[in-house]
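Q: Following is a predicted model, sequence given first.
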Amino acid sequence: MHILLYLIPVALGLGLLGLAAFLWSLKSGQYDDLDGAAHRVLFDEDRK
Amino acid sequence: MSEQWVGGDCCTPLVDTDTGRRAAVDAPALPEGDLGAYVRDAGNGLKAVNFLVDGITCGACIQTIERALGEVKGVDRARVNLSTSRLAVEFDPARTDPARIVGRVAQAGYRAVPFDPASFLADRAEEEKALLKALAVAGFAAANVMLLSVSIWSGHFSDMGPATRDLMHWLSALIAVPAIIYAGRPFFRSALSALASWRTNMDVPISLGVLLATLMSLSETMRGAEHAYFDSAISLLFFLLIGRYLDLRARGRARAAAENLIKLNAAAVTLLADDGTTRIVPPDRVQPGDRVLVAPGERAPVDGRVLSGRSDMDMSLISGETTPEAVASGAKVYAGALNLSGPLTLAVEAVGEGTLLAEIARLMEAAEQRRARYVAIADRVSRAYAPVVHLLALAAFLGWTILGGLPWQDGLMIAVAVLIITCPCALGLAVPVVQVVASGRLLRQGVLIKSGTALERLADIDWVVFDKTGTLTEGRPELLPDDGRPMAALKLAASLALASRHPLARALARAAGPVALAREARELPGQGMVLATPAGEIRLGSRAFTGVAEEAGADDPELWLAEPGTAPVRFAFRDHLRSDAASVVKAFARAGIGVEILSGDRPAAVDRAAREIGLADHWLAGQTPDRKVARLEELAAQGRKVLMVGDGLNDAPALAAAHVSISPTTAADISQNAADLVFQGRDLGPVLEAWKTARRAERLVRQNFGLSFLYNLLTIPIALAGLVTPLIAAVAMSSSSLIVIGNALRLSIGAERRTR
């Protein structure tokens, strides 16, 4: 059962990573315009 | 601008400018310097300004606007938010200014109005974000605790030692306790405020259950016991937070859309100073005695008397009367009237409290107070249900410890299990999920829901009251066909009419099709059009203006064309019914719902409209705002639940007084404020659709409650018997939630995509 001592922290770490990524994306405004994002992917942007 | 839409050709616009009810594209852009209040520092020497943009409806609009602004020198960054119809621009103040940005956006076919994001819905956005964060934390914790719990459950059937189990329990506690403290705050706060005012709501048993479960599990963990309920506590929070978030989001989106519309039409006043210069100020800074300019195409911002100028005013938003009124020096003008033909200078007579607008606001307030305090179905259910939960849990605790002789810890554990089982997330999800699905469905069909209980109230109506002008009708006149009228006369009249903004003239030009504009035609504001020809003057206008004898009994608005040497030709107009008005009214009648018309217009006009849609006897004409309210109260006193459909300023108090109310987006701002729902488009169909959806939603909500009670019926005996293990609690909770969500999703089946 020693493997648990590695696996549990690994599992928790990955979970925390996901949580941090979500909170970051929330903070950086990625959920502000869900409808717009769906359309923007279709634009041929020639801007910088 | 005969058939012009805001927003180019790419998509259906939010506002139809052709009705002339909103002066949009060709309204004077906000002047320079006036936008200073909206500009913020963005760092690096740049400034930032936010706009609400009218007419953004699809992806192509994003590109059009961003490209257009990309070409403006000095604009560093322009970003359109499609969900909220907003535009954020960062620019170099040395090289450009906000007025130029507004101008460029206007050229692209959209109307931009600056706004201050700090003062606008900021609270709700914050609340939504906080809830989303709590949801994320609860989700993370629930997933990980569940992972550990599954190991513990399987440990019961294999050879997991007590030490490993304790380790798992401790780890669960380590994750769950901070997460519960963080993610449970919305519930704890609501429960505390309910208890502080000696009430109880659903959040009280939720908070109690979650907190007791956590504390008991903690003490169980300390003494190395077999069961801990961390997973139940945290997943309960997770599911309930989903319900909370959906609830907030569904209401917030529709309300934001409605507030956008209102904000877009907020007026600015052009003040005329003594030295002849003009200044733009917000309406609340105008004093009685000030002089105010009202250009053609603008709405009068204040109540006042005409000092100079002649024009026609469209009063339809105020009185429901479709035919414009000619005004000249000395005439009284009310705020909200649309100036059609000539520039006017007004002397401000009343501001704030003294205006017609304030009078209507007072009537509305009184009507709203009289409207019985409606209690949402979820609150009614939980008001009856919460005490039952508390009593059951208490009975379980007392029963097991006193009668059953269990140690108090075990008794409390059973009581906690009862608390958790009896307030399953299904109850918290039953209403919000249906609301979200229903409002999403209606949003796609152009109906915005502004009030949280609007759908519930809409579902139990048994009477519909329609306003006529602008609600049953399109609110714009159309030329009536006349076989005896020579085509050449129509063409000639149209060539004169093209130069005018008067709604009758525009209807004439529309009906005649493409004709060349008579360039020498002059408009005499308040009278008509004149074209000088070698043979004499050709006139287009009222009877008096064209020299036709007055004749009683003509109730349609009309124009006359007088040519030298020929008999005058009459053009009669009529405000046509919306194309589906009759079928909508019939559909309501078929469903056993009473329909009537309550209009401020003249009896003859109302009678004819009523006949056309088959409501020959069910109409009242010439109604003032307070008589409309009185009629609604009379209906309410008869026990009717009334849906009021109206758009005018004169309907606003009635909209507030009705059981539930709906307005078109062409309505006066104050009416849209008063209405519970707002619908877009030229058809009346969305009203019927909203009612049908509300009824289906109501049915689904009841089914959902039924399902969750059925669940309780099965699980409460198990909990009372003390047989609920963490595994059973987890299975019961998630499966009941999933069933409720699945049931609610049935509402979105069969919803066709229409406007927007």
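A: Alright, I've got the coordinates.
Q: tell me the average confidence for stretch B:278-294?
A: Averaged across stretch B:278-294, the pLDDT comes to 77.
Q: now do stretch A:10-21
A: Averaged across stretch A:10-21, the pLDDT comes to 91.
Q: That one close to chain B?
A: Yes: counting by Cβ under 8 Å from any Cβ of the partner chain, chain B has neighbours in stretch A:10-21: A:Ala11, A:Leu12, A:Gly15, A:Leu16, A:Gly18, A:Leu19. (Each C-beta comes from the backbone N, C-alpha and C, glycine too.)
Q: Buried residues in that stretch, which are they?
A: Using 16 or more other Cβ atoms under 10 Å in any protein chain shown as the burial criterion, the residues of stretch A:10-21 that qualify are A:Leu12, A:Gly15, A:Leu19.
Q: Columns secondary structure on top of these, output as a markdown table?
A: Output for the buried residues of stretch A:10-21, formatted as a markdown table (DSSP: H, G, I helix; E, B strand; the rest coil):
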| residue | secondary structure |
| --- | --- |
| A:Leu12 | helix |
| A:Gly15 | helix |
| A:Leu19 | helix |
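Q: want to try a markdown table for these, with distance to B:Pro178 as columns?
A: Converted to a markdown table, those look like this (distance: Cβ to Cβ, whole Å):
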| residue | distance to B:Pro178 |
| --- | --- |
| A:Leu12 | 13 |
| A:Gly15 | 14 |
| A:Leu19 | 12 |
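Q: what's the pLDDT at the residue lying farthest from the centre of chain B?
A: No residue in chain B sits farther from the centre than B:Asp159, which is 60.0 Å out by Cα atoms, centre = their mean. Per-residue pLDDT puts B:Asp159 at 77.
Q: What of B:Pro424?
A: For B:Pro424, the pLDDT comes out at 58.
Q: cool, and B:Ile234?
A: 91.
Q: before we move on, what about B:Asn50?
A: B:Asn50 is assigned a predicted lDDT (pLDDT) of 84.
Q: now do B:Asp34
A: Listed pLDDT for B:Asp34 reads 56.
Q: again with B:Leu218
A: At B:Leu218, the model reports a pLDDT of 91.
Q: what about it, how many neighbours?
A: Residues contacting B:Leu218 under the criterion other Cβ atoms under 10 Å in any protein chain shown number 16.
Q: I'd assumed B:Ala173 was in contact with it.
A: Yes: with contact defined as Cβ atoms under 8 Å, B:Leu218 and B:Ala173 form a contacting pair (6.0 Å).
Q: Now for these two: what residues contact both?
A: Listed contacts common to B:Leu218 and B:Ala173 are nil; contacts here mean Cβ atoms under 8 Å, 6 or more residues apart in numbering or on different chains.
Q: Present the residues of stretch A:10-21 next to chain B as CSV; the columns should include distance to B:Ile234.
A: As requested, the residues of stretch A:10-21 next to chain B are exported to CSV (distance: Cβ to Cβ, whole Å):
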residue, distance to B:Ile234
A:Ala11, 16
A:Leu12, 14
A:Gly15, 13
A:Leu16, 15
A:Gly18, 16
A:Leu19, 14
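Q: which of those lies closest to chain B?
A: Nearest to chain B out of the residues of stretch A:10-21 next to chain B is A:Leu19 (Cβ to the nearest Cβ; 4.2 Å).
Q: For the nearest residue in space to that closest one that is not next to it in sequence, give me its contacts.
A: Using Cβ to Cβ, 6 or more residues apart in numbering or on different chains and skipping the chain neighbours, the partner closest in space to A:Leu19 is B:Phe140 (4.2 Å). Counting by Cβ under 8 Å, 6+ apart, B:Phe140 touches A:Gly15, A:Leu16, A:Gly18, A:Leu19, B:Ala179.
Q: Give me the secondary structure label for whatever residue of chain A ends up closest to chain B.
A: When scored by Cβ to the nearest Cβ, chain A has A:His39 as its residue closest to chain B, at 2.6 Å. Following three-state DSSP, we place A:His39 in the helix state.
Q: what's the nearest residue to it if we skip its chain neighbours?
A: Closest residue in space to A:His39, ignoring its immediate chain neighbours: B:Gly59 at 2.6 Å, by Cβ to Cβ, 6+ apart.
Q: B:Val80 is in contact with that neighbour, correct?
A: No: between B:Gly59 and B:Val80 there is no contact under Cβ under 8 Å: 9.8 Å.
Q: Looking at the two, which one has more neighbours?
A: B:Val80 (27 against 21).
Q: nearest spatial neighbour of the more buried one, skipping sequence neighbours?
A: Per Cβ to Cβ, 6+ apart, closest to B:Val80 is B:Ile62, 4.5 Å.
Q: so which strand or helix has the one you found?
A: helix B:59-70 (DSSP states H and E).
Q: just the helices in the stretch 201-350 of chain B please.
A: Assigned by DSSP state H, counting those that start in this stretch, the helices in the stretch 201-350 of chain B fall at B:203-222, B:230-264, B:316-319.
Q: still on that earlier bit, contact partners for the residue nearest to B:Val80?
A: Applying Cβ under 8 Å, 6+ apart, the residues contacting B:Ile62 are A:Gly36, A:His39, A:Arg40, A:Phe43, B:Ile56, B:Val80, B:Leu82.
Q: Recalculate using a threshold of 6 Å.
A: By Cβ atoms under 6 Å, 6 or more residues apart in numbering or on different chains, the contact list for B:Ile62 reads A:Gly36, B:Val80, B:Leu82.
Q: got JSON lines for these, with secondary structure, distance to B:Val515 and pLDDT too?
A: Formatted as JSON lines, the contacts of B:Ile62 follow (DSSP: H, G, I helix; E, B strand; the rest coil; distance: Cβ to Cβ, whole Å; pLDDT from 0 to 100):
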{"residue": "A:Gly36", "secondary structure": "helix", "distance to B:Val515": "42", "pLDDT": "80"}
{"residue": "B:Val80", "secondary structure": "strand", "distance to B:Val515": "39", "pLDDT": "87"}
{"residue": "B:Leu82", "secondary structure": "coil", "distance to B:Val515": "40", "pLDDT": "80"}
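Q: Would you convert those residues into CSV that also reports distance to B:Ala134?
A: What follows is those, written out as CSV (distance: Cβ to Cβ, whole Å):
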residue, distance to B:Ala134
A:Gly36, 26
B:Val80, 30
B:Leu82, 27
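Q: so which of the residues you listed comes closest to B:Gly109?
A: Nearest to B:Gly109, judged by Cβ to Cβ, of the contacts of B:Ile62 is B:Val80 at 13.6 Å.
Q: Pairing partners for B:Gly43 in the sheet, please.
A: Under DSSP bridges, the beta-bridge partners of B:Gly43 are B:Leu46.
Q: helix/strand/coil for B:Leu406?
A: Counting by three-state DSSP, the backbone at B:Leu406 sits in coil.
Q: Before I go, just wanted to say thanks for your time.
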